[in-house]
Structures are given as structure tokens and as C-alpha cells.
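> predicted model and sequence follow; I will ask about them next.
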2 protein chains.
Amino acid sequence: MSESWVNSGRRTGSDLHLELAATGSRRAALTRALRDAVRDGRLASGSRLPPYRSLAADLGLARNTVAEAYAELVAEGWLTARQGSGTRVAQRVGAPAAARVPRRVTGRAPVHNLAQGQPDAAAFPRTAWLAAARRAVGAAPNEAFGPGDPHGRTELRRALADYLARARGVRTEPERIVVTAGFAAGLRLLFSGSALQRGPLAVEAYGLPFHRELLTATGVPTRPLPVDEQGADTAVLGSLDDVRAALLTPAHQFPTGGPLHPERRVAAVDWARARGTLVLEDDYDGDFRYDRQPLGALQGLDPERVIYMGSVSKSLSPALRIGWLVLPAQLVEPVLAVKGEREGFTSVVDQLTLAAFLDSGAYDRHLRRMRQRYRRRRDQLVAALAAQAPHIGVSGIAAGLHAVLRLPPGTERATLKAAAWQGVALDGLGPFRHPDATGPAPDGLVVGYATPPDHAWRAALEALCRVLPPDLAAGDA
Amino acid sequence: MSESWVNSGRRTGSDLHLELAATGSRRAALTRALRDAVRDGRLASGSRLPPYRSLAADLGLARNTVAEAYAELVAEGWLTARQGSGTRVAQRVGAPAAARVPRRVTGRAPVHNLAQGQPDAAAFPRTAWLAAARRAVGAAPNEAFGPGDPHGRTELRRALADYLARARGVRTEPERIVVTAGFAAGLRLLFSGSALQRGPLAVEAYGLPFHRELLTATGVPTRPLPVDEQGADTAVLGSLDDVRAALLTPAHQFPTGGPLHPERRVAAVDWARARGTLVLEDDYDGDFRYDRQPLGALQGLDPERVIYMGSVSKSLSPALRIGWLVLPAQLVEPVLAVKGEREGFTSVVDQLTLAAFLDSGAYDRHLRRMRQRYRRRRDQLVAALAAQAPHIGVSGIAAGLHAVLRLPPGTERATLKAAAWQGVALDGLGPFRHPDATGPAPDGLVVGYATPPDHAWRAALEALCRVLPPDLAAGDA
């Protein structure tokens, strides 16, 4: 007698249809079909399954295939098999309907993206990167694919030491470099363990809110240093008694744009020496200087008192998640101790690829090309403002990927509203200001002129000019 | 009059030699040479530099080149320029000799590496990975090279959802998956922010010490669940009143090796439902099962009560730093909130490459090849033990990349010493035991038979057999 369990589904209490996928092994297809039937309730909790023989006959399968599928599902907890009572759907697997994950509401993408902090993503050197990957992955020793050294790959540290000495005036040797997943990861690494004492940190009165928040979350309160067109006023450091270290952007104050004045550079290092503290140098865009040679790193003045921090996030792409710390000799071991026994974050494949990319000169070539592109955009921005909004001052333009536009007092909020309305993404100067900062709080815009792809740049610039506030003083003349 | 400043060095108080690099711009070469001279004290603090004209004549450079180099060094803080007193070496830059970083003392590499936890690094599928990178990087939209989505790339989450449903019986949709930098990063993500309450966590009485330490450091105390050949005794969960979640290795208890018994699987899920808690499923080697089809994930029983955690660290390489969480619907947003606005760790290039690697079937092909290879090694291990050390029991061999060898009581330490002496790297069972575990504490070895490259495997196996303790009972016969 061949009862048709599958079509009549008498003993399962429902009309059971098992659809077996056409690909893959028959056993796997049956296992999956039965699992699905239990899940969505077609095979009810506690109900008895057909004997192997019957189901095999119905489905045109070997008896053994059915037996194996049942055994699999028993091992997984879907079915139970008891001597004398056959195979049944497990009682407790009440197959709750899986909740749907609500689709995330993401904001309308801006028509014109002038948000600061990003290089032109369309300019990522795909071909050169892949060529470097081919060389690097081909030449890597087998151990490269084992657990990663938290120090970072030697190949990369060697290439970085060469590059940083040559291009940024950093005094280093590969042993002082520790690879990180970017600037923020480096900051966390320094303060989350026992590498640095968790006392208050002097920061610039203008800076990235994200960094301040990260520090606060790590238990490091921040104290603002006044900022003017000569960068942070490091002479003030001496009067901040509880401060244990200072985080500065010497090459190009972020976001206001001045390079740190020579005397203030020296003052910062002298302070660190006299007080036994440290300066953290955030060299976020030091490779981009337009009107003269890049300004050498502050770290060069005293490698034992300055931690140099860099990444490829502005020069290549934030999608690679590669950065580095150049550490005072005595900090290397403590920082490595925080990282632990193995590299936990940064892809070794990408580390090797970046090393090959640096060694081949591809990094220099890419930077040269990007410098030309960004300088052209900066010149066009300055020219457009001079022609269409001569009352708007622009500063911080000797270097970097962004400019600061000085707005008439009280117009920042309205300008940002107008920008949002026109689909222009950009930042006001306000959010960058430290909550405890004193002194003037000018209205302004931070314009990331590097962000849009080349074809969209002109339109973005025009849209920007349209949202700028009019010259209120002009009517008085 | 042409004074020779460079060779006589009269005003600098020393015999100043400037060696200009032959490559690069003359200005950059001079800047570097002068910086070096200040650093190593050849140009003493406070000493006056030669006028532009003199140095230019001495070095055969344009006057302007010297002026620019001086200006550069003034901006960097090495020199000072005062009206009427010429250009001098800055007073305070006392050029401390940079300390050397002590070379790290790394242990002698073992001759035979049978440490657990690593796949055969020599088997990394370089060609297939590079082919996937080529396709992925070539086809990626430009925005892929902008700031990364902390959720993970859609391409990867889609590919993982397909793979995990097909191969591991995971019930998911791409929205539930959050990409991480590996298992440990996922664990930290769950407990370091506000995604999960930081109460005590039930763990298996045997497990990776690193995970316990990570949890403790995150403020999560652990409570051991007894482990036997049927995996963790999840029936005990009900009696642990303060426990908020349980971390299990259902497919292959780590390191003892049993699959979690079907009733214990169901008990774990039922406990989580009844108590409103969660099970964390560490599916660290679920893809490697040798004697039958892989055991489906526990998560399939209840996707709203089980967090499924996986990575490529065992299947491909720990050097890639890619893992994933499959989350209950209501946990997706809280976990993403901990990750922040942008991806901070995992390379987008590698995420896209892995997506292409999965979609092309290369991942399945690689796993099939590795399963064959590891199964062969496992069989050879079992055969060698049967022939040379029949008194040593071996367990946990139905799956995974390691086996547990049961040693005669009291011999673990001596065996490990003998192994170290013979250059065999492997772990004793002791360190995996939870410090608060009760019940028997057998002596044993954890043998990572996947770790050595193919050519070194036979010799490693022979070395292992040589260090095993003799059969003390044999003399009694």
C-alpha cells in the first residue's frame, strides 16, 4: 500500500506540499523543504511525519535519503525521534513568524554634496589599486594569510616610514609605526587602554565634534584652546594645569584652515617637554597643500614628544580603513599591548596592497593628480565668490579639501536652511565649535570642495553661490 | 666677496657639510639637508645661518631656492627670522637624539605549528580572491569609495543572506546582517554600547580564554555551563538567575568538539524565550563537517532569540578581518547605533570582494577543497594515533579544524614541555577551562591539524606522536 502522505497530508493535518529545489543534493533539498514546512506551520508542532518509505515513494527518492534528512532535522532540533512513536515535529519549536526588520529611513541624498571630510570618491584609483593588489597578494609569504601582527605588516610600515620621512618630514623608523583602522581608531587605541593616562586633553576650540564625542565616551574630557588665523594658541597650554596632552592639527587647522604659526609649533613642543606631556598631531590632510611645498610635520621637532597620526581616508578613500600612529619609542610597547596579540581590525590584504601602492610610486602619482584637481576647484571657488559674492570672505584655502566661508553675523542658520532647500549638503561652522570655547563665534560655512565628482562640481558651486546671503551693507552705499 | 659658509662653517660654529640628495627638487633637497643639520646638532641652536646669497653661491643654487628653503624651515619651527638679526636656528629646538625602539623579542617560530584556531594559511585562494577583487572593484559604484555604511555593503549582506540560508540554515534577510571585523569585534559591539544589557553571560565551561577576557574587560562577567560530549548542558541555564544571555558553540563545542544535543538546542532556545534573554551562537567552524552534511544553525529555531555570529577567519583567512552578526529584528537599530554613522573598521574593498567571491561560487569551491584536505589530515591523525598511541583517546573529530587528545591524568604539563622542546606548537586543554568551572578537569591536548601547510603536515604529525606520553598501563598487562 502506498499512502500518499505528501499530497493528502492526512497525518500531518494539512495539505503538505514539499517543493524540492532542483539544484544541489536531493538530501539537502528535502531537508530544506521539510525545515521550511515546520517553520511556516504546514507541518504542525507534535504532528507525526510519514515513514521513510512512504515519503520516499511519493517524492521518487531513495529511502535512505529520507532517513538522512530526518536524522539531520532531529540533530538540529526540528524533529524528535522516539522509539515506537516515529518521527514527529518537535513540540516546542513553535515557529514564531520572524519579525521584519523595518527598512531604514535614509535621508534624501543631496543633489549637491559639499559636505566636508571626503575626497572625491569617483577619483579612487581603481586600476592602480588592483595592480598593487595583484603584485602584493602574489608576492606575499603564506604567513601573511595567518593571524595578523597588531603592529601592522612590516612591508607597510617600511613603505610608510619612507614616505612620511620624504613627504612629511616625519622622523621615524618602521618599528615606531603602528597600523590602525584610521584616525578615530588610533585615538581610541591611545586612550581606551593603559597606553596614555586618561586625563583631560587640550583640543582646538574648533574641531570635529565626532572626535570630541569619542574622547568623552572614552573618559577623556577636552579643554578648548583658542583658535585664530595662526592656528591654535598653544601659549595657553602652560596655564591649563590638569591637561595631560594636546591634540592639534598643525598643518591646516581643522576646519578654520590656518597653518600653526612657527612660534606656536615650538611652544607646543616646549610645553610637552617641560611638562612631560605629549602632543597628538592630526595630520589629516597634510598631503594637500597648493601654494607651496607641504609644511613638514610637527613631529619632526621632537619624535619623543609628538604622536603623529595619519590615514589614507583623505588621500585615497575612507573605505579602506587604514591609518597609522608614529609613536615615541617608549609608547610602542604600551600601544601594542592595548591592541592585543593579533590584529583585530585592519585587513592584511589591504595593508600589503597599500605597501605596494606606496612603493611603486602610485601613491605619489595619485596625490599629484588630486592636488591639481582640488587646486583647480579651489581656484574656481575663490573666483566664483569674488564675482558673485564679494562680501563673503573665504579662508583656509592654502591647503586641504575644504574652505571656510565667513558669513555676515547671524546668517549661518538661514543659509543652511536655504542650502538644504536647494539640495546642497554642507556644514555650518557652529557645530565644530567646542561647547566650552570662549571668544568670538563667527558665522560661517565649511565647504568640502573635494567631495563631488568632477562632472557635478560646477553645478554644486553654482548652487552654493545661489544660497549665500546677500550683501546687506551694499544698500547703504 | 664670497665667504664659504658651507665648508668653513665659521658662523655656525662647526664644519657644516650639506649633502643634497641628487633626486627631487633642489629646494626640497636643501630643506631636508638643513633640517638634518639642525637635528643632529651640526647647526647649533641659536646660530646664525649664512645669507641666501652666500649659501646659494656655495651650493650652486639660485638665491630664491635658498630663500624658499629658509622660509619653509621657519614655518616648521626649525629656524627663526627676525628683522635685523638674519635667520637663526631656533633656540628651543634642542634636537634630542631620537630613542631607538627596542626590537621586539619574538619567540622562536615553532618547527611544527599545530596551534588551534587557524586555517592553512598556504591554502588562501589568492587567484580566485584577486579575480573577485577585479570584478568587485571594477563594478563598484563610485559611492563605494566614500564613507562606509556601518551596516556593511548591501552587496555583501545580500550574498551572505543567500549563503547562510543555503549552507547553514540561517533564517535571515540582508537587513538583519551587520558586518563586523570578526567574531571578537562583534562581541565587543554587542556589549560595549547599549545594544545589550551588560549582565552576566553564560558561557561554556571550555572556551577561548581570549573571549572570556574580552567580556570581562567589557564589564560582562561570565558563568560557566558544564560541558560533556553532548555539548553545553543548557538545562542548567534555568537555574542561573542573574544570567542575561548565553554564548554557545552549537555546531562543534569549542574546543571539546561535540555537537550540541538536539534537546539541549531546544532547551537553550526555550530558555531564551521564556526568560526574554538571548542566545549568542558562535558558528566559528560550522562550514567544516566531515562525516555528514553540516549541522544547521541553532538560529534557525528562533531568529528573534538567537544572534548568529560568523566570520571568514576559519574558512578563508583571519587576515581579512570580516565577520557578521545576524540579529533579531529589534536589535538591528541598537547595534547600528553603537557602530556610529560610518563604518570605522572593515574595508569596503574587501567587503565587495567577498561578496563577489561568494556570488561566483568561489567560496563553495574553496570550502569543498579545504574540507577534503582537512578530512584527510584528520583521518591521518586518527590513524597515526591508533597505530602509535592507541591509549590516547581522540574526540571532537566529526567537524572543525582541531581535535582533542585525551591524555593520561597528570601528563598535560609534561607533554606540553616535551612538545615545546621538540618545536611543536600546540595547546593544552587546561587554559580553555573556565576558572569557575566545576566537575572533572581532564588532561588533554588541542591539536590544530588545519594549521600547517600541506608539505609540513606529515612531519608535524610525526613530531606530535613522538611527544605523547607512553602508555603507563601497558606495563601492568
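Thanks, I have it.
> rest of the way, CA atoms for contacts and neighbours
Noted.
> if I look at A:Ala463, how far off is chain B?
21 Å (C-alpha to the nearest C-alpha, to the nearest Å).
> what about that residue, is that helix, strand or coil?
Under DSSP: H, G, I helix; E, B strand; the rest coil, the three-state class of A:Ala463 is helix.
> that one contacts A:Val424, doesn't it?
Yes. Look at A:Ala463 against A:Val424 with C-alpha atoms under 8 Å: they come within range, at 7.0 Å.
> next, show the common contact partners of these two.
By the contact definition C-alpha atoms under 8 Å, 6 or more residues apart in numbering or on different chains, A:Ala463 and A:Val424 are jointly contacted by A:His112.
> quick one: A:Ile322 and A:Gln351 touch, right?
Yes. Counting by C-alpha under 8 Å, A:Ile322 does reach A:Gln351; the two are 7.5 Å apart.
> between these two, which has more neighbouring residues?
Taking neighbours as other C-alpha atoms under 10 Å in any protein chain shown, A:Ile322 and A:Gln351 compare with A:Ile322 leading, 28 against 25.
> find the nearest non-adjacent residue to the residue of the stretch 151-300 of chain A found nearest chain B, please.
As assessed by C-alpha to the nearest C-alpha, chain B sits closest to A:Pro262 within the stretch 151-300 of chain A, at 4.5 Å. In this structure, A:Pro262 finds its nearest non-sequential neighbour in B:Gly77, 4.5 Å apart by C-alpha to C-alpha, 6 or more residues apart in numbering or on different chains.
> quickly note the distance from the one you found to B:Glu213.
B:Gly77 sits 46 Å away from B:Glu213, going by C-alpha to C-alpha, to the nearest Å.
> give me the more crowded residue out of these two.
B:Gly77 (26 against 14).
> for the more buried one, give me its contacts.
Taking C-alpha under 8 Å, 6+ apart, one finds A:Pro262, A:Glu263, A:Arg265, A:Val266, A:Leu301, B:Ala90 in contact with B:Gly77.
> repeat that for A:Leu358.
A:Ala159, A:Leu160, A:Tyr163, A:Asp364.
> wait, the residue of the stretch 151-300 of chain A closest to chain B sits on B:Val74?
Yes. Using C-alpha under 8 Å, A:Pro262 is in contact with B:Val74, at 6.4 Å.
> thinking again about what came up before, now, the contacts of B:Gly77 that are in helices?
Cross-referencing the contacts of B:Gly77 against helices under DSSP state H gives A:Pro262, A:Glu263, A:Arg265, A:Val266.
> adding neighbour count and pLDDT, write those residues out as JSON lines.
Converted to JSON lines, these look like this (neighbours: other C-alpha atoms under 10 Å in any protein chain shown; pLDDT from 0 to 100):
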{"residue": "A:Pro262", "neighbour count": "22", "pLDDT": "92"}
{"residue": "A:Glu263", "neighbour count": "20", "pLDDT": "93"}
{"residue": "A:Arg265", "neighbour count": "26", "pLDDT": "96"}
{"residue": "A:Val266", "neighbour count": "24", "pLDDT": "95"}
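> on that earlier part again, so for A:Ala463 and A:Val424, which sits in the more crowded spot?
A:Val424 (23 against 17).
> isn't the more buried one up against A:Thr415?
No. Here A:Val424 does not reach A:Thr415: they are 10.5 Å apart, not a contact under C-alpha under 8 Å.
> just the CA trace of stretch A:220-228, in CSV.
Output of stretch A:220-228 as CSV, limited to C-alpha atoms (Å, rounded to 0.1, in the frame of the first residue of the first chain):
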residue,chain,number,x,y,z
VAL,A,220,38.8,61.9,28.3
PRO,A,221,37.4,65.3,28.9
THR,A,222,38.5,68.0,26.4
ARG,A,223,39.6,71.6,27.1
PRO,A,224,39.5,74.1,24.2
LEU,A,225,42.5,76.1,23.0
PRO,A,226,41.6,79.4,21.4
VAL,A,227,42.0,79.4,17.6
ASP,A,228,42.8,82.3,15.2
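> I'd like the average pLDDT over it.
Mean pLDDT, stretch A:220-228: 96.
> again, but for stretch A:113-126
Mean pLDDT, computed over stretch A:113-126, is 96.
> cool, and stretch A:81-99?
Rounded mean pLDDT across stretch A:81-99 is 71.
> could you do stretch A:430-445 as well?
Mean predicted lDDT for stretch A:430-445 stands at 95.
> pull the CA atoms of it into PDB?
The C-alpha coordinates for stretch A:430-445 follow below in PDB (Å, rounded to 0.1, in the frame of the first residue of the first chain):
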ATOM      1  CA  GLY A 430      28.800  76.400  14.500                       C
ATOM      2  CA  PRO A 431      28.900  72.600  15.200                       C
ATOM      3  CA  PHE A 432      32.700  72.500  15.000                       C
ATOM      4  CA  ARG A 433      33.000  74.900  17.900                       C
ATOM      5  CA  HIS A 434      33.900  73.400  21.300                       C
ATOM      6  CA  PRO A 435      30.900  73.800  23.700                       C
ATOM      7  CA  ASP A 436      33.300  75.400  26.300                       C
ATOM      8  CA  ALA A 437      35.000  77.700  23.800                       C
ATOM      9  CA  THR A 438      35.100  81.400  24.600                       C
ATOM     10  CA  GLY A 439      35.800  84.300  22.300                       C
ATOM     11  CA  PRO A 440      34.100  85.300  19.100                       C
ATOM     12  CA  ALA A 441      31.800  82.700  17.400                       C
ATOM     13  CA  PRO A 442      31.700  83.800  13.800                       C
ATOM     14  CA  ASP A 443      29.000  82.600  11.400                       C
ATOM     15  CA  GLY A 444      30.400  80.600   8.600                       C
ATOM     16  CA  LEU A 445      30.200  77.600   6.200                       C
END
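> which parts of that stretch are buried?
Using 16 or more other C-alpha atoms under 10 Å in any protein chain shown as the test for burial, stretch A:430-445 gives A:Gly430, A:Phe432, A:Arg433, A:His434, A:Ala437, A:Pro442, A:Asp443, A:Gly444, A:Leu445.
> just list whatever residues bridge to the last one.
Taking DSSP bridges, one obtains A:Leu405, A:Gly428 as the residues bridged to A:Leu445.
> would you convert the contacts of B:Gly77 into CSV that also reports distance to B:His391?
Formatted as CSV, the contacts of B:Gly77 follow (distance: C-alpha to C-alpha, whole Å):
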residue, distance to B:His391
A:Pro262, 75
A:Glu263, 76
A:Arg265, 71
A:Val266, 72
A:Leu301, 66
B:Ala90, 77
